[in-house]
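>>> Dropping a prediction and its sequence here:
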Amino acid sequence: MTVYVDDMRMRATVGRITANWSHLMADSDDELHTFARKLGLRRSWAQHPGKWDSHYDVTDSIRDKAIQLGAVPIGYMSQESMDLVHRNFLECNAAKSQQSEQGALFDGT
């Protein structure tokens, strides 16, 4: 499992913070939240947890710290980024399908 940080660096104001923002992503939510905690990020700041596009928005300084702690830098909209999104999308759909099948067993259908 790997944690990734892209280079989107979109300028935006969030609350009182005006900064360049990128995305911290991972192969799994568990790994993402564990890594985010090491960076001092609150779990409540997670974007779309449990979904294929789960991530944290991070400023340049947090992005740099993430890379120092072992996150893999990837390009925004790069092939690596698209592959990660595709893998997460497939995994979320497989989990959703499995839950539906289990629910059908309990419903008697």
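That came through, no problem. Residues are numbered from 1 along each chain as shown.
>>> how many other residues sit next to residue 72?
15 (other CB atoms under 10 Å). Where you see a C-beta, it was placed from the backbone N, CA and C, and this is true even at glycine.
>>> Just to check, it is in contact with residue 3?
Yes. Residue 72 is within contact range of residue 3, at 7.0 Å (criterion: CB atoms under 8 Å).
>>> what's residue 53 in contact with, if anything?
47, 85, 88 (CB atoms under 8 Å, 6 or more residues apart in numbering).
>>> residues of the longest strand belonging to the chain that come out buried?
In the chain, with assignment by DSSP state E, the single longest strand is strand 17-26. Neighbour counts over strand 17-26 (16 or more other CB atoms under 10 Å) mark 19, 21, 22, 23, 24, 25, 26 as buried.
>>> out of the residues you listed, who's nearest residue 7?
Proximity of the buried residues of strand 17-26 to residue 7 (CB to CB) peaks at residue 22, which lies at 6.1 Å.
>>> What pLDDT does the model give the closest one?
For residue 22, the model assigns a pLDDT of 97.
>>> And residue 60, how far from residue 20?
Distance of residue 60 to residue 20, given as CB to CB, to the nearest Å: 5 Å.
>>> what's the offset of stretch 85-100 from the middle of its chain?
Stretch 85-100 sits 15 Å away from the centroid of its parent chain (CA atoms, centre = their mean, to the nearest Å).
>>> oh, I was asking about stretch 30-50
Distance, stretch centre to chain centre, for stretch 30-50: 8 Å (CA atoms, centre = their mean).
>>> So for it, mean pLDDT?
Stretch 30-50 comes out at a mean pLDDT of 96.
>>> and the closest residue in space to residue 78 that isn't next to it in sequence, how many neighbours?
Computed as CB to CB, 6 or more residues apart in numbering, the closest residue to residue 78 that is not its neighbour in sequence is residue 6, at 7.7 Å. Neighbourhood size, residue 6 [other CB under 10 Å]: 23.
>>> what does residue 56 give?
Going by other CB under 10 Å, the residues that sit close to residue 56 add up to 25.
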